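Sequence first, predicted coordinates after that:
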Amino acid sequence: MQAGYQACLMPSRAKFSASSSPPRLVLGIEGGATRTSVLVTDMEGHEILQFSDGAANQRLMTDRELADLLHSIAGKVAGAAPHPAALCIGLAGTRTDAHQDRILRLAARVWPGIPCMATNDLETALAAGPVRQNTAARVLILSGTGSCCFGRAADGSTARSGGRGHILGDRGSATDIGQRGLRELMAAYDHSGRWPSLGAAVLDTLALNEPGDLDAWAIEAGKKEIASVAVAVFRAAAKGDRLAAKILRDAAADLVLDGLTCARLLTKRGGRVEFIFNGSTLLKNPGFAALVKKGLRAEFPRAIVTPLSRNSVWGAVELARCLAPLPLPSRPSRSKTPGHSLTAPEVAIPALEQLRFEYIWLIGKVNMQQPRADRSHS
């Protein structure tokens, strides 16, 4: 991962002429299964513009669809940042070099010549969390509609467990909880002939009348519809329903195992690990989050477990700020005073001390170019 570290330091050598007055705004884009979050900030991290657009899993989108989304975003940010100093795009489903190359290629058509990083939404979420000193590894535990765990050690090595969609994975996600709930209900109904109390909550959530209605519903149900069943499971568990509580314990145990797998691959057992929770299933259900936290600390008692306190698109902005070229100082005028030598003025680097180089082991692929209008000055 050393190459990634060098990539993030490259901007300090890709400088603009001060006379060109490049915009000092950066653009972060994070796309997931539910929505795409967009954020524009200045180099000090002050928010200029934030909004949401359509969902963006790049593996589920054609080139035309992804290009249309990027053009839509460019149009909406044009008033604030028509030519950002740098941008970072983190999209769900980005796993390979080919995926990253595709994002860079399409982004270059929309923002030609702008330094751009292409990565996944796990990296951006991890970058959004606080960087703590003296931790052996940082592990993101993501559980929303889907789930995945992703970690990075102090030496830059990474580990990943989970994900892969609701058919093959997404353990401990809302979709997984919904599937478990439906299967447990139907198994109990088939084996005992009695409809469990949890069933009434599920039918009410889905606006169905009888248990048999679930057969036809399940044939047509998509991932989001299945995930909605989790709402009924959480509500029933809060009222003391034993079946619902068991479903949540089992789902939490699987999510814990994915998180522990990442930590084990990155550091020795008992090392100081920071686990960062993100996703609505964890952030909006404190009881479920407590189960996961307890499971993680059973093996890593010194672990720091914190919820992500801000939208993970802020991680995309942090990475974009690392890429933003630094302006060159104005050329000094020649001194005519005898005995005085010429010295270059000190370069003021806006907010450089705020750029979290502790985290820059990096991530993704980078297209380091300068805006066309400024190339003659570089």
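Yep, that arrived. Numbers count the residues shown, from 1 in each chain.

Name the helix or strand for Arg297, please.
Of the helices and strands defined by DSSP states H and E, Arg297 is found in helix 286-299.

what's around Asn285, how many residues?
22 (other CB atoms under 10 Å). (C-beta placed from N, C-alpha, C; glycine too.)

which residue sits closest to it, ignoring its sequence neighbours?
Phe234 (5.6 Å; CB to CB, 6 or more residues apart in numbering).

Surely that neighbour forms part of a helix?
Yes: assessed by DSSP: H, G, I helix; E, B strand; the rest coil, Phe234 belongs to a helix.

hang on, it packs against Leu248?
Yes: Phe234 lies in contact with Leu248 (CB atoms under 8 Å); the separation is 7.3 Å.

Tell me, domain by domain, which residues of the chain belong where.
Taking automatic domain parsing as the criterion, the chain consists of the domains 2-126+311-331+339-377, 131-168+248-307, 178-240.

export those domains to JSON lines and tack on mean pLDDT?
Formatted as JSON lines, the domains of the chain follow (pLDDT from 0 to 100):
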{"stretch": "domain 2-126+311-331+339-377", "mean pLDDT": "72"}
{"stretch": "domain 131-168+248-307", "mean pLDDT": "92"}
{"stretch": "domain 178-240", "mean pLDDT": "94"}
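
picking that back up, since we're on the residue nearest to Asn285, how many residues are nearby?
For Phe234, using other CB under 10 Å, the count is 21.

How about the contacts made by it?
177, 244, 248, 285, 288 (CB atoms under 8 Å, 6 or more residues apart in numbering).

helices or strands next to the helix holding Arg297 in the packing?
strand 137-143, helix 223-238, helix 242-266, strand 273-278, helix 280-283, strand 304-307 (3 or more CB pairs under 8 Å, 6 or more residues apart in numbering; DSSP states H and E).

Need the three-state assignment for the closest residue to Ala67 other than its chain neighbours.
In this structure, Ala67 finds its nearest non-sequential neighbour in Leu106, 5.0 Å apart by CB to CB, 6+ apart. Three-state call for Leu106 (three-state DSSP): helix.

separation between Leu106 and Leu25?
21 Å (CB to CB, to the nearest Å).

ok, and the closest non-adjacent residue to Arg310?
Ala128 (6.1 Å).

Verify the stated contact: the one you found with Thr306.
No: applying CB under 8 Å, one finds Ala128 not in contact with Thr306, separated by 11.7 Å.

Please say which of the two ends up with more neighbours.
Higher neighbour count among Ala128 and Thr306: Ala128, with 24 against 14, using other CB under 10 Å.

List the contacts of the more buried one.
Applying CB under 8 Å, 6+ apart, we find Ala128 in contact with 308, 310-315, 318.

And the residues you listed, which of them are buried?
Those of the contacts of Ala128 that meet the buried threshold are 308, 311-315, 318, by 16 or more other CB atoms under 10 Å.

Go through these and name the one nearest Leu140.
Leu308 (8.2 Å; CB to CB).

which residues touch the host helix or strand of Ala216?
For Ala216, the enclosing helix or strand under DSSP H and E is helix 213-220. The contact list for helix 213-220 (CB under 8 Å, 6+ apart) reads 182, 185-186, 202-203, 206, 208, 225.

Can you pick out the ones from those residues that are in helices?
Taking DSSP state H as the definition of helices, the contacts of helix 213-220 contribute 182, 185-186, 202-203, 206, 225.

Can I get those residues in TSV including distance to Thr135 and neighbour count?
Output for these, formatted as TSV (distance: CB to CB, whole Å; neighbours: other CB atoms under 10 Å):
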residue	distance to Thr135	neighbour count
Leu182	39	21
Leu185	42	24
Met186	44	17
Val202	41	24
Leu203	46	19
Leu206	43	17
Glu225	39	14
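
can you put those residues in a markdown table and add distance to Arg164?
Shown next, in a markdown table, are these (distance: CB to CB, whole Å):
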| residue | distance to Arg164 |
| --- | --- |
| Leu182 | 20 |
| Leu185 | 25 |
| Met186 | 24 |
| Val202 | 26 |
| Leu203 | 30 |
| Leu206 | 26 |
| Glu225 | 20 |
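
From these, pick the one nearest Arg59.
When the ones in helices among the contacts of helix 213-220 are ranked by distance to Arg59 (CB to CB), Glu225 comes first, at 20.9 Å.

check contacts around the closest one.
Counting by CB under 8 Å, 6+ apart, Glu225 makes contact with 206, 217.

returning to that earlier point: what about the residue nearest to Asn285, distance to Thr205?
11 Å.

what does Gly32 give?
Noted for Gly32: a distance of 23 Å to Thr205, by CB to CB.

So for those two, which sits in the more crowded spot?
When Gly32 and Thr205 are compared on other CB under 10 Å, the one with more neighbours turns out to be Gly32, at 25 against 17.

Would you agree the more buried one is in contact with Gly54?
No: with contact defined as CB under 8 Å, Gly32 does not reach Gly54; the gap is 10.7 Å.

picking that back up, any chance of the contacts of Ala128 in JSON lines, with secondary structure and distance to Arg264 too?
JSON lines is the format used below for the contacts of Ala128 (DSSP: H, G, I helix; E, B strand; the rest coil; distance: CB to CB, whole Å):
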{"residue": "Leu308", "secondary structure": "coil", "distance to Arg264": "22"}
{"residue": "Arg310", "secondary structure": "coil", "distance to Arg264": "28"}
{"residue": "Asn311", "secondary structure": "coil", "distance to Arg264": "30"}
{"residue": "Ser312", "secondary structure": "coil", "distance to Arg264": "24"}
{"residue": "Val313", "secondary structure": "helix", "distance to Arg264": "30"}
{"residue": "Trp314", "secondary structure": "helix", "distance to Arg264": "29"}
{"residue": "Gly315", "secondary structure": "helix", "distance to Arg264": "24"}
{"residue": "Glu318", "secondary structure": "helix", "distance to Arg264": "27"}
